[in-house]
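J.: sharing a model that was predicted from the sequence below.
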Amino acid sequence: MLARWGAALQGAGGRPALTGAWRVAAAAAAAVHSASLAAAAADGAAAAASKADDHMDFPGGSVPFTSQLSMVGGSFSPRDPIPCYRTLDSAGREVPDAHLPHDLPRETAVRMYETMVKLQTVDTIFYEAQRQGRFSFYMTSSGEEATAIGSAAALEPQDVVFSQYREQGVIMYRGFSVQDMAHQCFGNWHEQGKGRQMPIHYGSRDLNFHTISSTLATQLPHAVGAGYAIKMDNRPAVSVAYFGEGASSEGDFHAAVNFAATLSVPIIFICRNNGWAISTPATDQYRGDGIAGRGPGYGIASLRVDGGDARAVYCATKEARRVATEQQAPVLIEAMSYRSGHHSTSDDSSRYRAAEEMKAWRARDPVTRFQLWLVQQGWWSDEQDKEARAAARSEVVQALAAAQKEPKPPLSAMFTDVYAEMPWHLKEQYEEVLAHVRAHPDACPADIPIR
Ligand SMILES: Cc1ncc(C[n+]2csc(CCOP(=O)(O)OP(=O)(O)O)c2C)c(N)n1
Ligand SMILES: [Mg+2]
């Protein structure tokens, strides 16, 4: 019937137009038809309204309607930030009624503290060694020891770690020795990278710690890929990605978190918000509620933790790991701390930040804070502290002396390991380099074997 009316009403498109009585009859019939369509539409609308016409079902989700024209977001209001989880106050005293979903066993707590002492000692002495010109570069993690060690202690050995460059505490906690670190900084032949990276670019296949790449944020999409592989293989592990708040301004951060959310990847993103990206303050990196505030926008469970409270970081990371594995979903942690040292040995931070700010944060040393708690627990003493610090000092001094004596990899190591067999163009370049340094021995450091 409808097809017939449709055909009869079409005048255009090469069909004959209606004339006379037929036109009157057709018009009357069309009026009846459109009235019945309107009634049907009204019926449909009524049915929809009775169902619930208060939200829009959309391929991307379901959104409620509102008759109010208003905006959300905009410049962040400091009155309403995501609160920062802590379990110990600034003097290392327990915060009453702190939520502790995960127990921190004595043995783990002591190992955490011993590693923090070793980390502080490495940072102090390696930094001085660089200043003495013994190797070319160094970065300390002063002020952020609790973030690295507290989170590392909450992970499992099978978890796969991607770090930025200031998380040496993590690889130390996983078993990388002070000697391994010294070999890497000197770039000697014990170092698996064969001196092809700058100092502090640690890595270890055995410890599931991917070699550091200091090109900011490139580790984040890699970490998501590794997490997705874990999920595909059904392995009982998570991927863990560390980064600074400055790195989170890179496009790679946004691509990584969105992939992690949409592919439901078991990954923990751990942002160290230490207030500075070299000389750029965190306030110039974002206008929203820090890094944790971005998580909900991506559909990622997020939390903010006091990065100077090792117990809180431990608990937060354990909980993040539980959620990531049980729900096969990403979790974002923002650890609030402060970079107490200079950015690196190539920086002088007194040129761009106030001395009072640095002094105030140094007084909140996270290692002392954790030590005070351990002493209150009866798990640590001043005597043990002296011994641990003396032992760490002699281990670090010896490791540096030993690493400095070791030979460097030969010049040819620059060209190996990329291809199973060296291709012709690399062979040519290798011959050219050899010829050049033989003719100009000053062009090559004296301790690099020319072969
Ligand atoms: C892609 C890229 N851009 C710039 C740099 C130079 N750079 C090295 S560290 C750094 C600051 C990073 O700050 P943040 O992520 O907050 O880490 P933090 O040093 O504070 O630990 C910059 C800009 C880089 N390494 N890679
Ligand atoms: Mg930073």
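T.: Yep, that arrived. Ligands and ions are numbered 1, 2, ... in the order given.

J.: going forward, measure contacts and count neighbours with C-alpha atoms only.
T.: Fine.

J.: so Leu119 touches Gly143, yeah?
T.: No. Counting by CA atoms under 8 Å, Leu119 sits too far from Gly143 to count as a contact (11.2 Å).

J.: low-confidence regions, the stretch 201-350 of the chain specifically.
T.: Residue ranges of the stretch 201-350 of the chain with pLDDT under 70: none are present.

J.: for the stretch 301-450 of the chain, which segments are assigned as helices?
T.: Along the stretch 301-450 of the chain, counting by DSSP state H, counting those that start in this stretch, helices occupy 310-327, 355-362, 366-377, 382-405, 424-439.

J.: the longest one packs against which elements?
T.: Helix 382-405 is packed against helix 106-131, helix 178-186, with contacts defined by 3 or more CA pairs under 8 Å, 6 or more residues apart in numbering; DSSP states H and E.

J.: tell me which helix or strand comes right after the last one.
T.: Moving toward the C-terminus from helix 178-186, the next helix or strand (DSSP states H and E) is helix 219-233.

J.: pick the most deeply packed of the helices of the stretch 301-450 of the chain.
T.: helix 310-327 (a mean of 23; mean count of other CA atoms under 10 Å).

J.: wait, Ser248 sits on Ala217?
T.: Yes. At 7.0 Å, Ser248 and Ala217 qualify as touching, with contact defined as CA under 8 Å.

J.: spatially nearest residue to Arg364, not counting backbone neighbours?
T.: Of all residues not flanking Arg364 in the chain, Ser90 sits nearest, at 6.5 Å (CA to CA, 6 or more residues apart in numbering).

J.: neighbours of the one you found, just the number please.
T.: Per other CA atoms under 10 Å, the neighbour tally for Ser90 reads 18.

J.: how is it assigned, secondary-structure-wise?
T.: Here Ser90 takes the coil state, with states given by DSSP: H, G, I helix; E, B strand; the rest coil.

J.: quick check on it: phi, psi?
T.: Dihedral pair for Ser90: phi -70, psi -20, per degrees, to the nearest 10.

J.: His55 now?
T.: phi -150, psi 160.

J.: what residues does the protein have near ligand 2?
T.: Selection of the chain residues close to ligand 2 by CA under 5 Å from the ion yields 244, 274, 276-277.

J.: check contacts around whichever residue of the stretch 51-200 of the chain sits closest to ligand 2.
T.: Residue nearest to ligand 2 within the stretch 51-200 of the chain: Arg166 (9.6 Å; CA to the ion). Arg166 makes contacts with 139-141, as judged by CA atoms under 8 Å, 6 or more residues apart in numbering.

J.: in a helix, that's where it is, yeah?
T.: No. Assigned with three-state DSSP, Arg166 falls outside any helix and is coil.

J.: so for Ser248 and Ala217, which residue has more residues nearby?
T.: Looking at Ser248 and Ala217 with other CA under 10 Å, you find the greater number of neighbours at Ala217, namely 25 against 20.

J.: for the nearest residue to Ser346 once chain neighbours are set aside, which three-state class applies?
T.: Distances taken as CA to CA, 6+ apart put Phe137 closest to Ser346, at 7.5 Å, once the chain neighbours are dropped. Here Phe137 is coil, with the state taken from three-state DSSP.

J.: wait, Phe137 sits on Gln130?
T.: Yes. Phe137 sits in contact with Gln130 when judged by CA under 8 Å, with a separation of 6.1 Å.

J.: who touches both of the two?
T.: Both Phe137 and Gln130 are contacted by Thr345, under the criterion CA under 8 Å, 6+ apart.

J.: and Arg134, which of the three is it?
T.: What three-state DSSP gives for Arg134 is coil.

J.: how many residues are close by it?
T.: Residues lying near Arg134 (other CA under 10 Å) number 14.

J.: for it, what are its contacts?
T.: 186, 404.

J.: out of the contacts of Arg166, who's nearest Ile125?
T.: Set against Ile125, the nearest of the contacts of Arg166 by CA to CA is Thr140 (10.1 Å).

J.: doesn't that closest one belong to a helix?
T.: No. Under three-state DSSP, Thr140 falls outside any helix and is assigned coil.

J.: what's the spacing between it and Asn274?
T.: 13 Å (CA to CA, to the nearest Å).

J.: so those two - more neighbours on which side?
T.: Each of Thr140 and Asn274 has its neighbours counted (other CA under 10 Å); Thr140 has more, 26 against 21.

J.: isn't the more buried one right next to Gly341, touching?
T.: Yes. With contacts counted by CA under 8 Å, Thr140 reaches Gly341, the gap being 6.6 Å.

J.: the closest residue to ligand 2 within the stretch 351-451 of the chain: neighbour count?
T.: Residue nearest to ligand 2 within the stretch 351-451 of the chain: Arg353 (13.5 Å; CA to the ion). Around Arg353 there are 14 other residues, counting by other CA under 10 Å.

J.: now do it, the pLDDT please.
T.: At Arg353, the model reports a pLDDT of 97.

J.: contact partners for it?
T.: Arg353 touches Ser279, counting by CA under 8 Å, 6+ apart.

J.: and what of Gln120?
T.: 142, 145.

J.: from ligand 1, how far out is it?
T.: According to CA to the nearest ligand atom, to the nearest Å, Gln120 stands 16 Å off from ligand 1.

J.: rewinding a little: can you narrow the residues of the chain next to ligand 2 to ones near ligand 1?
T.: On the criterion CA under 6 Å from any ligand atom, 244, 274, 276-277 are the entries of the residues of the chain next to ligand 2 that sit beside ligand 1.

J.: and Asn258, that one's in a strand?
T.: No. Going by three-state DSSP, the assignment for Asn258 is helix, not a strand.

J.: so it sits against Pro296, correct?
T.: No. Under the criterion of CA under 8 Å, Asn258 makes no contact with Pro296, lying 11.1 Å away.

J.: neighbour count: the two, which is higher?
T.: Neighbour count, other CA under 10 Å: between Asn258 and Pro296, Asn258 has more, with 20 against 12.

J.: excluding chain neighbours, what is closest to that one?
T.: Spatially, and ignoring its direct neighbours in sequence, Asn258 is nearest to Tyr298 (6.1 Å; CA to CA, 6+ apart).

J.: equivalent analysis for Trp380, please.
T.: Leu374 (5.5 Å).

J.: contacts only, for that neighbour.
T.: By CA under 8 Å, 6+ apart, Leu374 lies in contact with 109-110, 380.

J.: coming back round to it: pLDDT at the residue of the stretch 51-200 of the chain closest to ligand 2, what is it?
T.: Looking at Arg166, its pLDDT reads 98.

J.: ok, Ala146 next?
T.: Per-residue confidence for Ala146 comes out at a pLDDT of 98.

J.: distance check, it against Gln376.
T.: Distance, Ala146 to Gln376, by CA to CA: 18 Å.

J.: what does the chain put close to ligand 1?
T.: 166, 214-216, 243-247, 274, 276-278, 343.

J.: need the residues touching each of Leu119 and Gly143.
T.: Joint contacts of Leu119 and Gly143 (CA under 8 Å, 6+ apart) do not exist.
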